[in-house]
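Asks: Test case, fold it:
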Amino acid sequence: MPLLATILSFTFALSGQEDMIHSLSNLDDRHTSIAIANDLSFNQAGGHLQGVQLMAEDGQNIVIVSGSTDQAAYVSTITLGTNPQVTSVFNLMEKPFKHAGGFQISDHYLAVGIEDNEARDRSVVQIYDLTKIREAGPVLINEVSRFGAYERPTAGCVALAYHHAKWLCIVGNWHTRDLDIYTAKSFRAESSLDLVQTITPIDSARSDWSNPQWLSYQNINLHAHDGVLYLIGFAKNEHGNNIADLFLISERDGKYSLRKLFSKVFESNGCDFSLGTGAVFSQGKIKMIIGSDRNLTPVSNVYFFESIGKN
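Replies: Now for the predicted structure:
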């Protein structure tokens with residue numbers, strides 16, 4: 001690549017990082033909330049909500065949450081609008097795979113990990129097509145099974161993005177000690193999710209991070225923009241604060257590396273980043289953070305941390 005093109009590319013990358021950092025910095029650390037009615041009766045015993053994402057379908061905003069019970073893993077849809085309410089529940093797998101973790105929706109795909117959270121020695125990462133979720137529910141189109149030593153092959157949080165002509169699916173295990181990176185050219189049934197690398201951040205050099213902390217992220221989300229890949233992780237720190245950490249993921253010679261760019265603390269009054277939390281991205285910026293309550297009670301809440309100005 002000519003020197004000028006290299007310089008311009010590097011300049012654009014830096015500008016993009018500044019935009020991402022500024023958009024996270026500019027989110028209000030206080031939330032607004034919407035009360036959600038739930039008239040559906042289904043088993044929620046022994047579990048809780050773990051992931052949340054916002055999507056639009058036919059001009060209607062829909063919140064999708066993932067949850068666990070003592071018998072099954074599920075996702076549920078919440079239709080926003082004049083009368084926000086829980087509109088459907090779909091069981092994904094049954095015991096022992098009864099714990100659906102943090103997940104991400106990218107384009108019309110949903111990537112979620114489902115664990116045996118008792119034995120903690122196995123999980124399944126599944127990809128669903130949401131194109132007709134209202135009529136047919138989520139349609140399973142691909143999956144990969146994970147086995148191993150205690151807590152190593154769990155899948156408590158999963159992120160998904162299309163980057164450099166392939167899908168990247170990043171899976172965090174118990175307390176997100178490891179990040180397993182899978183790639184796929186497509187999600188057709190005959191395609192495979194291939195494990196290409198594992199990053200263990202606690203064992204990595206972190207001298208160039210904005211701060212060296214690596215937390216027990218319960219949700220991770222990816223965003224690819226202008227050839228640059230970002231990851232945001234949501235957790236509670238040792239002081240009980242809600243934390244959003246923004247990372248840059250770089251690729252060189254087929255190897256991925258991670259660097260923390262920025263951290264922000266959000267209020268924890270009613271909203272808990274160790275439960276369902278997710279980011280809403282647009283064109284290289286974080287437009288909003290969304291959170292859920294622990295369970296879908298007759299009246300529960302969805303929380304929104306929105307921009308306090310133009311970003």
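Asks: Tell me the bridge partners for the residue nearest to Lys255 when sequence neighbours are not counted.
Replies: What sits nearest to Lys255 in space, not counting adjacent residues and going by Cβ to Cβ, 6 or more residues apart in numbering, is Gln197, at 6.5 Å. Yep, even glycine has a C-beta here, placed from its N, CA and C like the rest. Beta-bridge pairing for Gln197 (DSSP bridges): Ile181.
Asks: what's the burial count for Gln197?
Replies: 15 (other Cβ atoms under 10 Å).
Asks: Would you mark the buried spots in stretch 140-152?
Replies: Across stretch 140-152, burial judged by 16 or more other Cβ atoms under 10 Å covers Ile141, Asn142, Glu143, Val144, Arg146, Glu151, Arg152.
Asks: Please apply the same query to stretch 232-240.
Replies: Buried residues in stretch 232-240 (16+ other Cβ under 10 Å): Ile232, Gly233, Phe234, Ala235, Lys236.
Asks: Show only the entries of those residues found in strands.
Replies: The strands, defined by DSSP state E, take in Ile232, Gly233, Phe234, Ala235, Lys236 from the buried residues of stretch 232-240.
Asks: List just the nearest of those residues to Ser76.
Replies: Phe234 (19.4 Å; Cβ to Cβ).
Asks: re the thing from before, can you add pLDDT and give the buried residues of stretch 232-240 back as a markdown table?
Replies: Listed next are the buried residues of stretch 232-240 as a markdown table, based on pLDDT from 0 to 100:
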| residue | pLDDT |
| --- | --- |
| Ile232 | 98 |
| Gly233 | 98 |
| Phe234 | 98 |
| Ala235 | 97 |
| Lys236 | 95 |
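Asks: Looking at these, which one is closest to Phe273?
Replies: Nearest to Phe273 among those, counting by Cβ to Cβ, is Phe234 at 4.5 Å.
Asks: Which residues are in contact with that closest one?
Replies: Phe234 sits next to Gly102, Tyr217, Gln218, Asn219, Ile220, Asn242, Ile243, Ala244, Phe273, Thr277, Gly278, Ile289 when contact means Cβ atoms under 8 Å, 6 or more residues apart in numbering.
Asks: partner residues bridging it?
Replies: Asn219, Ala244.
Asks: Next one: it from Leu80, what distance?
Replies: 21 Å (Cβ to Cβ, to the nearest Å).
Asks: cool, Lys264 as well?
Replies: Computed with Cβ to Cβ, the distance linking Lys264 and Leu80 is 25 Å.
Asks: which of the two has more neighbours?
Replies: Per other Cβ under 10 Å, whichever of Lys264 and Leu80 has more neighbours is Lys264, with 19 against 16.
Asks: Heading C-terminal from the helix or strand hosting the more buried one, find the next helix or strand.
Replies: Using DSSP states H and E, the element containing Lys264 is strand 255-266. Elements were assigned by DSSP H and E; along the chain past strand 255-266, the next helix or strand is strand 277-282.
Asks: now whatever helix or strand comes next after that next one and strand 255-266, what's the angle there?
Replies: The helix or strand immediately downstream of strand 277-282 is strand 285-292, counting by DSSP H and E. Compare the direction of strand 285-292 with that of strand 255-266 by axes from the mean of the first three to the mean of the last three Cα atoms, to 10 degrees and you get 60 degrees.
Asks: Starting from strand 285-292, tell me which strands it pairs with and how they run.
Replies: strand 277-282 (antiparallel), strand 299-306 (antiparallel).
Asks: Touching, Arg146 and Pro153? I think so.
Replies: Yes - under the criterion of Cβ atoms under 8 Å, Arg146 lies in contact with Pro153, with a separation of 3.9 Å.
Asks: Overlap in contacts, these two.
Replies: Arg122, Ser123.
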